[in-house]
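K.L.:
here is a sequence together with a model predicted from it:
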Amino acid sequence: MADKPRIKLPKEAAKGDVIQIKTLVSHVMESGQRKDAQGKAIPRKIINKFACEFNGKPLFACALEPAISANPYIQFNAKVDEAGTFKFSWTDDDGTVITAEEKIALKA
């Protein structure tokens, strides 16, 4: 279904820093409104939910709609108060979940 998601965030930050997180996942994001060469509707298949947790606590989430383009790119900011792990998940219409994790350390 999808390649490994691309995630960009710093490897370390000072306590209290606000960092920028960028994610991109490869996905066709078929809206269900187009037709194939035979005139049959192409079934809807979109990522409908994105969520990010930090050290097991919800940090950011959003719902995606059919108007979102293929390969959805999501960017958001987060305040870092401790070292830990960001866990990202993208949920497809059929229940498939793509996950990725990235760690961040605190600067000494």
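P.N.:
Now that the structure is in, tell me what you want to look at. The structure displayed is predicted, hence computed values, not measured ones. Residues are numbered from 1 along each chain as shown.
K.L.:
can you tell me how far residue 53 sits from residue 88?
P.N.:
For residue 53, the distance to residue 88 equals 8 Å [Cβ to Cβ, to the nearest Å]. (Glycine included, C-beta is placed from N, CA and C.)
K.L.:
who's more crowded, these two?
P.N.:
Neighbours around residue 53 and residue 88, counted as other Cβ atoms under 10 Å, are more numerous at residue 88. The numbers are 21 against 17.
K.L.:
quick one: the strands in this structure, in order.
P.N.:
For the chain, the strands defined by DSSP state E occupy 6-8, 12-13, 17-24, 47-54, 57-63, 73-80, 84-92, 97-106.
K.L.:
to residue 40, which of those strands lies closest?
P.N.:
Among the strands of the chain, strand 84-92 comes nearest to residue 40, with 21.1 Å by Cβ to Cβ.
K.L.:
I appreciate the help and will end here.
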